[in-house]
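Participant: the sequence isn't on hand, but the structure is:
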């Protein structure tokens with residue numbers, strides 16, 4: 001689950017990486033947080049896509065009404 005705390009920590013590590021660099025432990029934490037975020041994002045996107053239903057439009061198919 002993507003929480004505000006998760007995003008905040010990801011952003012903190014990203015800012016630190018740009019300014020002074022990360023320790024090996026912080027690099028590992030950052031990778032783990034990225035994977036957690038991506039897994040949750042993909043699951044949410046998949047759930048949204050699974051809700052999409054396609055409806056045929058007879059006019060575009062050339063069919064009669």
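Facilitator: Great, that's in hand. Quick caveat, the model's predicted, so the values are computed rather than measured.
Participant: CA atoms for contacts and neighbours, from now on please.
Facilitator: Fine.
Participant: next, work out how far apart residue 30 and residue 4 are.
Facilitator: 15 Å (CA to CA, to the nearest Å).
Participant: if you could redo that for residue 15, that was the one I meant.
Facilitator: 16 Å.
Participant: neighbour count: these two, which is higher?
Facilitator: residue 15 (13 against 9; other CA atoms under 10 Å).
Participant: run through who's touching the helix or strand containing the more buried one.
Facilitator: Applying DSSP states H and E as the criterion places residue 15 in helix 4-19. Applying CA atoms under 8 Å, 6 or more residues apart in numbering, the contact partners of helix 4-19 are 22, 26, 30, 33-34, 37.
Participant: just stretch 38-50 next, same as before
Facilitator: Contacts for stretch 38-50 (CA under 8 Å, 6+ apart): 1-2.
Participant: what's the offset of that stretch from the middle of its chain?
Facilitator: 7 Å (CA atoms, centre = their mean, to the nearest Å).
Participant: and the helices in the protein?
Facilitator: Secondary structure of the chain (DSSP state H): helices at 4-19, 24-50, 58-61.
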